[in-house]
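Chemist: Need a 3D model of the sequence below.
(2 chains)
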Amino acid sequence: GAVVSQHPSRVICKSGTSVKIECRSLDFQATTMFWYRQFPKKSLMLMATSNEGSKATYEQGVEKDKFLINHASLTLSTLTVTSAHPEDSSFYICSARDRRGYNEQFFGPGTRLTVL
Amino acid sequence: AQSVTQPDIHITVSEGASLELRCNYSYGATPYLFWYVQSPGQGLQLLLKYFSGDTLVQGIKGFEAEFKRSQSSFNLRKPSVHWSDAAEYFCAVVGGGTASKLTFGTGTRLQVTL
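Modeler: I've put the predicted structure just below:
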């Protein structure tokens, strides 16, 4: 149980294009999902927290117009990197917390974004 | 604000040797503590967690961790390391409340020599 999927697992795009990454909780309902960014050989940096049906809360320094987050249902959150540039290349990981409120996050396998 | 310190950036052990990865946290109340493992290019897998109760926690793959409130520590141990344990290990803390944000340590890279 408690499986989180991400799609795509890997994406390469040209500079200036937008990329959408999906995060799904497969066997539980998630009122809260989190998006992280990880640079090579670095720890995870929380980008934003999304709650179903409401606007995402972004961490300080994260451009909300650059990284659009939508959490339209209890099992799906999306991260759209708009007008991507090479510096947006990174490993993006989502996690989801069970709606029953347990203080545990279940992580997706991550998405490797490369912007040329 | 909560924080996590993993003092060892990189550790090398021989296969079959014991392992201890250090983790110190800072949080005003009783924290929820986690250890995750990440293989290259992969997501995070939960090894074990501590919420309350017995301070010695057993996890998957033969790992265990001990919560020591007096030392603000939650060190990860394994009695005999296997080559497949080579990976990045992250300690994390959640402070509770509705936000429940995870704060990660900087990670410890484990290398296993044969």
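Chemist: what pLDDT does residue B:8 get?
Modeler: Looking at residue B:8, its pLDDT is 95.
Chemist: Burial check on it, number of neighbours?
Modeler: Using other C-beta atoms under 10 Å in any protein chain shown, the number of residues around residue B:8 comes to 15. Every C-beta, even on glycine, is put in place using the N, C-alpha and C of the backbone.
Chemist: now the closest residue to it other than its chain neighbours, which residues is it bridged with?
Modeler: Excluding its sequence neighbours, the residue lying closest to residue B:8 (C-beta to C-beta, 6 or more residues apart in numbering or on different chains) is residue B:108, at 4.9 Å. Residue B:108 has these beta-bridge partners by DSSP bridges: residue B:89.
Chemist: For residue B:108, give me its contacts.
Modeler: B:6, B:8-11, B:21-22, B:88-89 (C-beta atoms under 8 Å, 6 or more residues apart in numbering or on different chains).
Chemist: and what of residue A:20?
Modeler: A:78-81.
Chemist: And the buried ones among these, selectable in ChimeraX?
Modeler: Burial among these is assessed by 16 or more other C-beta atoms under 10 Å in any protein chain shown; the matching ChimeraX selection reads:
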select /A:78,79,81
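Chemist: Going by distance to chain B, which of the contacts of residue A:20 wins?
Modeler: For the contacts of residue A:20, the minimum distance to chain B (C-beta to the nearest C-beta) is 14.6 Å, reached by residue A:79.
Chemist: which parts of chain A sit against chain B?
Modeler: Within reach of chain B by C-beta under 8 Å from any C-beta of the partner chain, chain A has these residues: A:6, A:32, A:34, A:41-44, A:46, A:49, A:91, A:93, A:95, A:97, A:103-110, A:112.
Chemist: quick one: the residue positioned nearest the centre of chain A from chain B, how far?
Modeler: Geometric centre of chain A, nearest residue: residue A:35, 3.6 Å, by C-alpha atoms, centre = their mean. Going from residue A:35 to chain B by C-beta to the nearest C-beta, to the nearest Å gives 12 Å.
Chemist: And residue A:7, by the same measure?
Modeler: Where chain B is concerned, residue A:7 sits at a distance of 13 Å (C-beta to the nearest C-beta).
Chemist: Tell me how many other residues crowd the nearest residue to that residue once chain neighbours are set aside.
Modeler: Of all residues not flanking residue A:7 in the chain, residue A:22 sits nearest, at 4.7 Å (C-beta to C-beta, 6+ apart). By other C-beta under 10 Å, 15 other residues sit near residue A:22.
Chemist: for residue A:22, helix, strand, or coil?
Modeler: strand (DSSP: H, G, I helix; E, B strand; the rest coil).
Chemist: Give me the pLDDT for it.
Modeler: pLDDT, residue A:22: 97.
Chemist: which residues does residue A:14 contact?
Modeler: Contacts of residue A:14 by C-beta under 8 Å, 6+ apart are A:115-116.
Chemist: quick revisit: just the closest of the contacts of residue A:20 to residue A:60, please.
Modeler: Nearest to residue A:60 among the contacts of residue A:20: residue A:79, at 17.8 Å, using C-beta to C-beta.
Chemist: Where does the prediction get shaky in chain B?
Modeler: In the predicted model of chain B, residues B:95-100 satisfy pLDDT under 70.
Chemist: please redo it, this time with the cut-off set to 80
Modeler: B:1, B:28-30, B:95-100 (pLDDT under 80).
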